[in-house]
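Peer 1: what would the 3D arrangement of this be:
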Amino acid sequence: MNSGQDRAGWHEAEALRAAARTAGRGAAEADTSGRLADGTVDALGAAGFAAAFAPVRPDGFPSATATFEAVTRAVAAIGEGCTSAAWLASLWAYNGRFSAFLPDEGRQEVWAKGPDTRLVSSMVAAGVEAEPVDGGWELSGTWLYVSGVEFADWALLSSAPPREGDRSIRVFAVPKDSFTHEVSWSTLGMRATGSHTLLVERAFVPEYRSFVWDDMRQGVLPSETGSAVHAAPLFAVNGLTFAAPILGAARAALRLVAEHLGRQPSGARAAAQNSARIAYTRAAGEIDAAALLLARVAETADGGGLAEDGAAFRSHRDATLAVEILVGAVDRLFRVTGTRGQAAAHPMQRIWRDVHAAGSHAALQFEPAALAYTQGLLAA
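Peer 2: Predicted coordinates for the structure are as follows:
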């Protein structure tokens with residue numbers, strides 16, 4: 001990527017390359033231990049992911065200079081080394097974008113530490129109580145699947161599972177000294193995302209540290225601060241958050257199969273060599289096609305095109321379809337590596353597990369995106 005002088009210059013190119021190398025070196029150990037190494041987390045911070053979409057602040061810290069296209073590229077680069085690290089990097093960036101929906105005083109408090117502030121979020125609320133009190137709310141509850149919670153400075157937490165158009169559902173910004181976490185993440189894939197359970201007990205949240213979830217869904221900012229990046233409707237760009245790590249993982253799988261095909265085959269493998277080459281080529285085309293779909297989503301949002309009729313629903317459709325294509329491509333590549341790729345020490349089986357786990361995320365399901373897209377067409 002280019003240096004910090006261009007529009008995508010929210011990080012130094014070398015810092016991104018260093019983060020990708022560090023994530024790749026630590027991927028196997030992270031998968032085994034279920035935790036990203038501190039060095040990987042620090043490298044992601046140095047690469048600027050937390051500040052990528054940081055909103056305008058009165059203290060002079062700049063508004064977001066990153067584009068969706070630039071962040072998608074950068075997250076995918078991390079994903080080529082470690083899908084879990086890319087997941088965390090992407091969420092840092094997009095959670096920072098969410099903070100733009102806080103009132104001015106809330107944004108100022110959340111970002112007081114500076115651009116290295118790490119935000120996590122969860123809309124998977126369980127047993128939440130948000131009791132109105134003088135000046136705000138008293139908040140208690142449990143939130144599931146909070147990726148990166150152990151490294152967080154702030155958490156953005158919903159009062160209930162979001163429902164479209166429900167303006168009673170709020171999101172609260174809670175500092176790290178007001179929450180704890182319970183280790184609960186133990187999965188087949190994406191093992192190192194640290195998506196544990198977050199707990200809050202009777203924390204006071206002032207009114208200025210809360211916003212209506214549906215405003216974020218629609219991209220309705222509370223003031224003129226922020227940019228087109230912040231005003232993008234959530235459902236139109238949320239797929240990029242989770243698809244970019246999968247794109248990087250698929251590219252890593254493609255590279256592994258290229259190395260696999262470069263070895264001189266023997267026995268049954270020699271007879272299947274042409275089939276393997278065809279499968280590789282098809283997967284390479286599928287990954288390129290998915291990347292183009294995601295690029296269009298990013299370019300549409302960056303260019304302010306989401307306001308056009310049907311563009312937001314098309315973007316949601318494109319992101320989910322891209323993930324379906326990527327998961328299928330990785331399946332194809334996994335089969336090419338055969339028994340070798342299933343070995344515990346081989347990175348292909350980790351990538352295969354990660355891609356299937358990541359692809360199951362609720363934001364990446366094609367069916368609801370397809371129904372929303374066609375409903376828009378029928379209503380036009």
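
Peer 1: what residues go with each domain of this structure?
Peer 2: 13-110, 119-212, 232-379 (automatic domain parsing).

Peer 1: would you list those domains in TSV and tack on distance to residue 220, mean neighbour count and mean pLDDT?
Peer 2: C-beta: built from backbone N, CA, C; applies to glycine. TSV is the format used below for the domains of the chain (distance: least, CB to CB, whole Å; neighbours: other CB atoms under 10 Å; pLDDT from 0 to 100):
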stretch	distance to residue 220	mean neighbour count	mean pLDDT
domain 13-110	8	22	92
domain 119-212	8	18	97
domain 232-379	9	19	93
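
Peer 1: can you lay out the ones you listed as CSV showing distance to residue 219?
Peer 2: Formatted as CSV, the domains of the chain follow (distance: least, CB to CB, whole Å):
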stretch, distance to residue 219
domain 13-110, 9
domain 119-212, 12
domain 232-379, 4
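
Peer 1: and those domains: which comes nearest residue 222?
Peer 2: Residue 222 lies closest, by CB to CB, to one member of the domains of the chain: domain 13-110, at 5.5 Å.

Peer 1: so how far is that closest one off the chain centroid?
Peer 2: Distance, stretch centre to chain centre, for domain 13-110: 9 Å (CA atoms, centre = their mean, to the nearest Å).

Peer 1: of all the domains of the chain, which one is nearest residue 221?
Peer 2: Of the domains of the chain, nearest to residue 221 by CB to CB is domain 13-110, at 6.2 Å.

Peer 1: how long is that closest one end to end?
Peer 2: 27 Å (CA to CA, to the nearest Å).

Peer 1: mind jotting down where the strands sit in the stretch 1-150 of the chain?
Peer 2: All strands of the stretch 1-150 of the chain, identified by DSSP state E, counting those that start in this stretch, fall at 119-122, 125-133, 136-146.

Peer 1: kindly report the same for the stretch 201-350 of the chain.
Peer 2: Using DSSP E, counting those that start in this stretch, the strands of the stretch 201-350 of the chain run over 210-212.

Peer 1: what's near enough to touch the residue nearest the centre of the chain?
Peer 2: The centroid of the chain falls nearest to residue 241 when counting by CA atoms, centre = their mean (3.2 Å). By CB atoms under 8 Å, 6 or more residues apart in numbering, residue 241 lies in contact with 90, 91, 93, 94, 363.

Peer 1: and those residues as JSON lines, adding distance to residue 43?
Peer 2: Converted to JSON lines, the contacts of residue 241 look like this (distance: CB to CB, whole Å):
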{"residue": "90", "distance to residue 43": "15"}
{"residue": "91", "distance to residue 43": "16"}
{"residue": "93", "distance to residue 43": "15"}
{"residue": "94", "distance to residue 43": "19"}
{"residue": "363", "distance to residue 43": "26"}
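
Peer 1: which residues sit in contact with residue 149?
Peer 2: Neighbouring residues of residue 149 by CB under 8 Å, 6+ apart: 120, 155, 181, 194, 195, 196, 198.

Peer 1: ok, residue 125 next?
Peer 2: Counting by CB under 8 Å, 6+ apart, residue 125 touches 141, 142, 143, 157, 158, 159, 160, 161.

Peer 1: and the longest helix seen in the chain, how far from the chain's centre?
Peer 2: Among the segments of the chain that qualify as a helix by DSSP state H, the longest is helix 311-342. How far helix 311-342 lies from its chain's middle: 16 Å, per CA atoms, centre = their mean.

Peer 1: just so I know, which of the domains of the chain lies nearest residue 223?
Peer 2: That would be, of those and by CB to CB, domain 13-110, which comes in at 6.2 Å.

Peer 1: the stretch 1-150 of the chain: helices as residue ranges?
Peer 2: For the stretch 1-150 of the chain, helices defined by DSSP state H, counting those that start in this stretch occupy the ranges 13-33, 38-46, 68-79, 83-98, 104-110.

Peer 1: looking at those, which is nearest to residue 166?
Peer 2: The nearest among the helices of the stretch 1-150 of the chain, by CB to CB, is helix 83-98 at 17.5 Å.

Peer 1: what angle do the closest one and strand 136-146 make?
Peer 2: Computed with axes from the mean of the first three to the mean of the last three CA atoms, to 10 degrees, the direction of helix 83-98 lies at 160 degrees from that of strand 136-146.

Peer 1: counting by contacts, list what helix 83-98 packs against.
Peer 2: Applying 3 or more CB pairs under 8 Å, 6 or more residues apart in numbering; DSSP states H and E, one finds that helix 83-98 contacts helix 13-33, helix 38-46, helix 68-79, strand 119-122, helix 234-261, helix 347-359.

Peer 1: give me that answer again for 6 Å
Peer 2: helix 68-79, strand 119-122, helix 234-261 (3 or more CB pairs under 6 Å, 6 or more residues apart in numbering; DSSP states H and E).

Peer 1: distance between the shortest one and the chain's centre?
Peer 2: Just to be clear, that refers to strand 119-122. For strand 119-122 - counting by CA atoms, centre = their mean - the centre lies 11 Å from the chain centre.

Peer 1: the longest one now?
Peer 2: Put simply, helix 234-261 sits 12 Å off its chain's centre (CA atoms, centre = their mean).

Peer 1: got the angle between that helix and helix 347-359?
Peer 2: 170 degrees.

Peer 1: returning to that earlier point: turn the strands of the stretch 1-150 of the chain into a markdown table, including distance to residue 344.
Peer 2: Output for the strands of the stretch 1-150 of the chain, formatted as a markdown table (distance: least, CB to CB, whole Å):
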| stretch | distance to residue 344 |
| --- | --- |
| strand 119-122 | 30 |
| strand 125-133 | 34 |
| strand 136-146 | 26 |
